[in-house]
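>>> any chance you can model this:
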Amino acid sequence: HVCPAWKRNPRFELSLKYPLSRGASSGGGGNKSCPVRISLCKSGPSWRSMSRADAVSCMVGFYVFVASRSEAGETLRQIYETDFAPTAEVSTELGFELDYILSASETYVIMPTTFEDGKLGSFVLTVAADCDFMLTRDSAPPSSHK
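Numbers count the residues shown, from 1 in each chain. You can find the predicted model right below:
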């Protein structure tokens, strides 16, 4: 996460859908945010041997950014970072929320990462939310990121 190559990590776009059924009569009319649970879990046998050799380097975590895109390119504004832990899974804290409303040129980006460069392995990224959402693999080329 402190290496210049971290921007080449896999990225996932998250879009929250404002729930139309939450009108003033249902008690949710003023909500501009949604409870969201994001979890990252190491998967597969390669992590065990890598972690035995260097547990600190293999610690995992993830960032949540707001990505703003324009003709000039993309900028990332970090809004959340997990602690990096030698455990198999890290998650957002209970009570974590994200705003429904971003501008048309913005989206949330989740970026899993290891503590040090060069640690590759399978993982499972899970998102649960109290609203409809769309999670997609971001295919933006790394060279377009600022």
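
>>> would residue 113 count as being in a strand?
Yes - according to DSSP: H, G, I helix; E, B strand; the rest coil, residue 113 belongs to a strand.

>>> ok, now which ones touch it?
1, 6, 9, 60-63 (Cβ atoms under 8 Å, 6 or more residues apart in numbering). To be clear about C-beta, it is placed using only N, CA and C from the backbone, and glycine gets the same treatment.

>>> what's the spacing between residue 46 and residue 10?
Distance of residue 46 to residue 10, given as Cβ to Cβ, to the nearest Å: 16 Å.

>>> return the helix or strand in the chain with minimum mean pLDDT.
One helix or strand of the chain scores below all others by mean pLDDT, DSSP states H and E: helix 46-53, with a mean of 82.

>>> need the three-state assignment for residue 14.
strand.

>>> any idea which element the most centrally placed residue in the chain lies in?
Centroid-nearest residue in the chain, with Cα atoms, centre = their mean: residue 110, separated by 2.1 Å. Applying DSSP states H and E as the criterion places residue 110 in strand 106-114.

>>> packing partners of the following helix or strand past that strand?
Next helix or strand after strand 106-114 toward the C-terminus (DSSP H and E): strand 122-129. Other helices and strands packing on strand 122-129, by 3 or more Cβ pairs under 8 Å, 6 or more residues apart in numbering; DSSP states H and E, are strand 12-16, strand 33-43, strand 106-114, strand 133-137.
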